[in-house]
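S.K.: need coordinates for the following:
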Amino acid sequence: MSIEKEDAEYQPPTITPTDTPITNASEVTLNIDPTVSFPPVPRATTIQWQEDPDTQQTHAEQAFDLVHSFTNGNAKPRSKKGGVLSHLIKLGVADRRMKAAAQTSNASQSTTHHKKRPKRPTLYKSKSSLNSSTWSFLGASGGMWPSSTPRQTRSARTSLDLEDPYTLAETGTASFVHHLQERMQITADIADILQRQEFIIRLGKGLIRTGAPSHRIEAALDQTSRRLDVDGSYMVLPGLMMLTFGDSETHTSETKLIKCPRGLDVAKLERVNRISHMVARGKMAVPEALEELEAVRTAPPTWSTLWVLGAYVVSAATVAALFFGGSWTDLWVSGIFGLFVGCFTLIAEQFPMISNVFEMFVSICVALIARALHQYICFSAVSLSAVVIALPGYSLTSAVMELSARNIVSGGIHLVYAVMYALMLAFGLGYGSAIYDVAANPSSSQDGMYCQTDPVNPWFYFLLLPIASVSISIVFGGGPRQIPVMLCGAAVSFAIYHFLSQVPSLNVEIVTSAAAFGLGMFGNLYARVLKRLSFPILIGGIIILVPGSLGVRGAISLFDGSQDGYSGEFAINMVAIGLSVTLGLFLANVVVYPTGKKRHVFLGF
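M.R.: Now for the predicted structure:
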């Protein structure tokens, strides 16, 4: 640092040091002559400060600062504690320091053994009142000393007794204790990092097993990682979860690929979401959260097997009259088919080989029997209502919403799966119908797809809709607390869809999007006012809309040999219905949350 002055007449004041020798830097005093005046610095005088070259930034540091200034708004917060690898490196350094401290301590023992040490009481040097029998009793009971030698022959200095202050003072192991504490701290940090990473892994598994949408799972994991100070990135695919944990200190990362089957249990989903929410808000510690997640994983299903079978029967019966124009005869026949589908579903869950052909086998059996009874029942109403739980309505809607949320990989896979699943169901229904046509009179195939029975009076919809909604909620694992809100969501979506469909000028896409918008508004307002999960409301309403049924009906025409032109558009119709539902839900999110700052991970889809 230098000061340059343009005024040559200015002279600094005289400063004389004291005659006292300086013994401490803090005691330095300056004697300034009080008669000397300090004239003001002239205006022409310019003072230029030159920084020390050691403190100047290098070109690389300036470049990093420039890049950071542009990317600071979009930068992801990094972990301040580092990762496992950096802590393992620190642990190795601490071990080497401990060994060096121990060697220094042993060397100091050999050079200072002749010095006089303060006398201290020891058991093996003092003559106590303990006789040989007492020492033998202590050695036999505790195993601490040999029973034959009452004296301890091992030196306390050579054993490095860290709890003995005399040993610390004599052998100079204070640095050793410091390094030991450092090693223990690093070990505790490693255990803490692994525990936080394990919680994130179990949280992702819990959300996948309970049926959360993929893009919402990734959002929940990101939010939890920021709270727990974990540097990670996540990607959820159907049946697979990819997690990458980074280490900012070593510039390395660890990637985990975890297989996890997808399920749907609304009650358990709300429990897992509550755990994630409390951890993200700092209201629950990680060890307690791990115990809660393990309790959710090991808990039995929300409803027993008998309840689920009864729900299959009731849902198939009521849906036949509500959505497919079935009669009272179609209602109880569909209930029998629903019992068959429910039993086979439970069997397929226990045997993986059966689950591979579950959809086609069930649909073939249902279509074959329904075609045999086509003179008494409506074939399309009975066959579609029997497999209504298996219809890919939720899968299709989730796929389209993931694509709309720019989750291309997961959304594309789910979309292809939903279309192929509808194709498998339609192929089975068409295949069973074709088998009956070959075995029976072929001329009956012309009127097999048309209903020859009178539908149920629409006034009974007020009774059938709550029953259908409750039964579908039980199949999807909705608990007693979720069933009322799922019923309300189903009522909102069905009422809007039913009354708007009576307007001739409105096509099915507009009606579906309007019903989805009303459903989304109700769910988001419920979540915003009561601070509860809106996912059960959306599930109940979307299943009532049944976006996959239109595509399955078109696919039946594709496989039964009809040439009406409608069969070739089944995939386009399925995607159009899914887009309509997605548009309505996203518009509802924009209206309720215009700024996008949601208070909860699962406030909307």
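S.K.: where does the stretch 1-150 of the chain have low pLDDT?
M.R.: Applying pLDDT under 70 to the stretch 1-150 of the chain flags residues 1-88, 91, 93-150.
S.K.: give the contact list for Met401.
M.R.: Pro213, His215, Gly411, Thr582, Leu585, Phe586, Phe605 (C-beta atoms under 8 Å, 6 or more residues apart in numbering). Backbone N, C-alpha and C define where each C-beta goes, glycine included.
S.K.: and the third one, how far from Tyr417?
M.R.: Distance of Gly411 to Tyr417, computed by C-beta to C-beta, to the nearest Å: 11 Å.
S.K.: who's more crowded, these two?
M.R.: Neighbour count, other C-beta atoms under 10 Å: between Gly411 and Tyr417, Gly411 has more, with 21 against 15.
S.K.: quick one: common contacting residues for Gly411 and Tyr417?
M.R.: With C-beta under 8 Å, 6+ apart as the test, Gly411 and Tyr417 both reach Ala399.
S.K.: how about stretch 352-366 as PDB, C-alpha atoms only?
M.R.: Presented in PDB, the C-alpha positions along stretch 352-366 are these (Å, rounded to 0.1, in the frame of the first residue of the first chain):
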ATOM      1  CA  PRO A 352     -46.200 -63.400 -10.900                       C
ATOM      2  CA  MET A 353     -46.600 -65.800 -13.800                       C
ATOM      3  CA  ILE A 354     -50.400 -65.300 -13.700                       C
ATOM      4  CA  SER A 355     -50.100 -61.500 -13.500                       C
ATOM      5  CA  ASN A 356     -48.400 -61.500 -16.900                       C
ATOM      6  CA  VAL A 357     -51.600 -62.600 -18.600                       C
ATOM      7  CA  PHE A 358     -54.100 -61.300 -16.100                       C
ATOM      8  CA  GLU A 359     -55.700 -58.600 -18.200                       C
ATOM      9  CA  MET A 360     -56.200 -60.700 -21.300                       C
ATOM     10  CA  PHE A 361     -57.400 -63.800 -19.400                       C
ATOM     11  CA  VAL A 362     -59.900 -61.900 -17.300                       C
ATOM     12  CA  SER A 363     -61.300 -59.900 -20.300                       C
ATOM     13  CA  ILE A 364     -61.600 -63.000 -22.400                       C
ATOM     14  CA  CYS A 365     -63.600 -64.900 -19.800                       C
ATOM     15  CA  VAL A 366     -65.800 -61.900 -19.100                       C
END
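S.K.: going forward can the numbers begin at 3, since that is how I track them
M.R.: Understood, numbering begins at 3; the last thing we discussed is stretch 354-368.
S.K.: need the contact partners of that stretch.
M.R.: Residues outside stretch 354-368 that contact it (C-beta under 8 Å, 6+ apart): 339, 342-343, 346-347, 349-351, 384-385, 388-389, 392, 423, 426-431, 433-434, 437.
S.K.: circling back to that earlier point, could I get the contacts of Met403 in JSON lines, plus columns for pLDDT, secondary structure and distance to Gly542?
M.R.: Shown next, in JSON lines, are the contacts of Met403 (pLDDT from 0 to 100; DSSP: H, G, I helix; E, B strand; the rest coil; distance: C-beta to C-beta, whole Å):
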{"residue": "Pro215", "pLDDT": "80", "secondary structure": "coil", "distance to Gly542": "16"}
{"residue": "His217", "pLDDT": "78", "secondary structure": "helix", "distance to Gly542": "21"}
{"residue": "Gly413", "pLDDT": "82", "secondary structure": "helix", "distance to Gly542": "23"}
{"residue": "Thr584", "pLDDT": "80", "secondary structure": "helix", "distance to Gly542": "17"}
{"residue": "Leu587", "pLDDT": "82", "secondary structure": "helix", "distance to Gly542": "14"}
{"residue": "Phe588", "pLDDT": "82", "secondary structure": "helix", "distance to Gly542": "19"}
{"residue": "Phe607", "pLDDT": "53", "secondary structure": "coil", "distance to Gly542": "13"}
